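[1] sequence first, predicted model second:
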Amino acid sequence: MPLRILDEAEFWKHQEEEHTVVIRELVNNLETSYVEALKEWEKVLSETHQRVLRFIETVIRSGYVITPELYQDVLRLVKFCLDQSEQFIEICRQIRDQSEALKDHLTAKVVMNHIIRESEYFIGIAQTILYQN
């Protein structure tokens, strides 16, 4: 179970990291403040992605023997990832709703909604995992 949880977190953190680039590339006249915020988010999400990968390596190297301490660490990491995704959704909503560059950019709004839904999907997975424990 912990490896499956970590696989989900790894996939979705990588997705969110890529989404920061998609937004910046799609909206070429995006306000500088949002561009800078997305670059910072890209960095933070990359760091989280790497952290999840280290946990995956730990589980594999342990021969899939999960100590209670490691299991609790995995659950804390999943909670961290969930909270981070909620914050990422907030910046995406802010960009979608307040950016002048997106005001008349229907495609960008559709993409932003898709990105938000994908992060919400991960949150649903993470909540299910956390509430089962």
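    Received, thanks.

[2] can you map out the helices along this protein?
    2-26, 32-61, 68-98, 106-132 (DSSP state H).

[3] grab the nearest non-local neighbour of W12.
    Excluding its sequence neighbours, the residue lying closest to W12 (Cβ to Cβ, 6 or more residues apart in numbering) is F122, at 3.8 Å. In short, each C-beta sits where N, CA and C put it, glycine included.

[4] sketch out the low-pLDDT regions of the protein for me.
    For the chain, the stretches flagged by pLDDT under 70 are 1, 133.

[5] thinking again about what came up before, tell me how far the residue nearest to W12 lies from L130.
    12 Å (Cβ to Cβ, to the nearest Å).

[6] most tightly packed of the helices of the chain?
    helix 2-26 (a mean of 19; mean count of other Cβ atoms under 10 Å).

[7] distance from that helix to the middle of the chain?
    Centre-to-centre, helix 2-26 and its host chain are 5 Å apart (Cα atoms, centre = their mean, to the nearest Å).

[8] packing partners for that helix?
    When contacts are defined as 3 or more Cβ pairs under 8 Å, 6 or more residues apart in numbering; DSSP states H and E, helix 2-26 packs onto helix 32-61, helix 68-98, helix 106-132.

[9] E17: which of these is closest?
    E17 sits nearest to helix 32-61 of all the helices and strands packed on helix 2-26, at 4.0 Å, using Cβ to Cβ.
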